[in-house]
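**Student:** Just to be clear, the model below is a prediction. Sequence and coordinates:
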Number of protein chains: 2
Amino acid sequence: MMQLQFWFDFASTYSYPAAMRIESVAKAHEVDIEWNAFLLGPIFRAQGWHDSPFNIYPVKGRYMWRDMERICQSLAIPFCRPSVFPRNGTLAARIVTRFNGADWLPNFVKTVYRANFGDDRDIATATVVGDCLRELGIDATAIIAAATATDSKALFRRQTRRAIDQNIFGAPTFVANDELFWGNDRLEQAVRWHRGRQ
Amino acid sequence: MMQLQFWFDFASTYSYPAAMRIESVAKAHEVDIEWNAFLLGPIFRAQGWHDSPFNIYPVKGRYMWRDMERICQSLAIPFCRPSVFPRNGTLAARIVTRFNGADWLPNFVKTVYRANFGDDRDIATATVVGDCLRELGIDATAIIAAATATDSKALFRRQTRRAIDQNIFGAPTFVANDELFWGNDRLEQAVRWHRGRQ
């Protein structure tokens, strides 16, 4: 069975609850997940946005932060509005891309998201990303070295290119048999679509 | 019991499925609805947008039209991508504001939405809005005259002002005890919130 594509940016707020709950939703429907980190920055810049739309449009931003509080409360996951937003998730995203398919990957993704949106830690730094790896008992130095090698950087650029080629414009996005579903709200619908169209 | 506020713009695509299904969702939870038409135009212009964001950002627009097809199909309501988008819903919105609380109002709202998004009719015109009223057995001439009187126009400007004052930035929006919920997806959550916090 093909995997359901899950596309996320570590800076993306609504990707956090999606990452925390996707495994249980997918498991309940016997769907496998392909974990795809990418960067929204190049996509936003192509639209003329040089910051998060939640910063550019403060009324929308205020709504989003309140909405995040409500969502995280309902899922019983920690939430603390980050003191810096958006944080650059490039290093963590390179690791996801380089080590795609590793059995520790979903836990790494969730640990990084929790560091950013639960503990207000600066996931842009190798120190925090390294802590997230060590927390899982993984050799942080080796992983970070591999993920920042030239070929890994090229691999990650191709990954963001792949997102653009699939017409992805926001995060989280789910791709089920070439159909796009945008937003944490749409996870269940994407899983159903993926099941129904196999 | 206070009413759940339902805010919609007749040009707003996702407000169409919300309008078509809100009565059954609200009834199932014994919640009363306040039907509030407003204009997104002034709110968008304040953000520097002089067109629908779905036209300004074509990739997002393409996604939205496909998403609308899926949503309308799943609700078994007619959908035909309008040949003109967005259409100006000012006249219909003035009628909603002037005749708020009338027993025919929900049916009028649904008839106008169906004309725009189901039948590709130009709801910006008094002819089509009049047809929508006559379809419900209502004296179109009298209603349109009343809704376009000077005091009705002022009433409607205050209504859009009220939306802005409540930090509404998109449509559909539901307001449940001062909490905002944005998007057709959030109707159920808004209704639950409204019930839980009375």
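**Tutor:** Arrived safely.
**Student:** rest of the way, CA atoms for contacts and neighbours
**Tutor:** Fine.
**Student:** Residue numbers of chain A in contact with chain B?
**Tutor:** Within reach of chain B by Cα under 8 Å from any Cα of the partner chain, chain A has these residues: A:Gln47, A:Tyr57, A:Val59, A:Lys60, A:Tyr63, A:Asn167, A:Ile168, A:Phe169, A:Leu180, A:Asp185.
**Student:** and the residues you listed, which are buried?
**Tutor:** A:Val59, A:Lys60, A:Tyr63, A:Asn167, A:Ile168, A:Phe169, A:Leu180 (16 or more other Cα atoms under 10 Å in any protein chain shown).
**Student:** got the residue ranges for the helices in chain A?
**Tutor:** A:15-28, A:41-46, A:53-56, A:58-75, A:90-98, A:105-117, A:126-135, A:140-147, A:150-165, A:187-196 (DSSP state H).
**Student:** tell me which residues of the fifth one are tucked away?
**Tutor:** Of the residues in helix A:90-98, those buried under the neighbour-count criterion (16+ other Cα under 10 Å) are A:Thr90, A:Leu91, A:Ala92, A:Ala93, A:Arg94, A:Ile95, A:Val96, A:Thr97, A:Arg98.
**Student:** Which strands or helices does that helix pack on?
**Tutor:** strand A:33-37, helix A:105-117, helix A:126-135, helix A:140-147, helix A:150-165 (3 or more Cα pairs under 8 Å, 6 or more residues apart in numbering or on different chains; DSSP states H and E).
**Student:** let's go with 7 Å and repeat that
**Tutor:** For helix A:90-98, the packing partners by 3 or more Cα pairs under 7 Å, 6 or more residues apart in numbering or on different chains; DSSP states H and E come out as strand A:33-37, helix A:140-147, helix A:150-165.
**Student:** Contacts made by the longest one with the rest, please.
**Tutor:** What it means is helix A:150-165. Contacts to helix A:150-165, defined as Cα atoms under 7 Å, 6 or more residues apart in numbering or on different chains, come from residues A:Phe38, A:Leu39, A:Arg94, A:Thr97, A:Arg98.
**Student:** Same list (those) but as CSV, adding pLDDT.
**Tutor:** Converted to CSV, the contacts of helix A:150-165 look like this (pLDDT from 0 to 100):
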residue, pLDDT
A:Phe38, 97
A:Leu39, 96
A:Arg94, 98
A:Thr97, 98
A:Arg98, 98
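**Student:** coming back round to it: which of the buried residues of helix A:90-98 lies closest to A:Pro106?
**Tutor:** Set against A:Pro106, the nearest of these by Cα to Cα is A:Val96 (8.9 Å).
**Student:** Not counting residues beside it along the chain, what's closest to that closest one?
**Tutor:** Leaving out its chain neighbours, the residue that sits closest to A:Val96 by Cα to Cα, 6 or more residues apart in numbering or on different chains is A:Ala37, at 6.3 Å.
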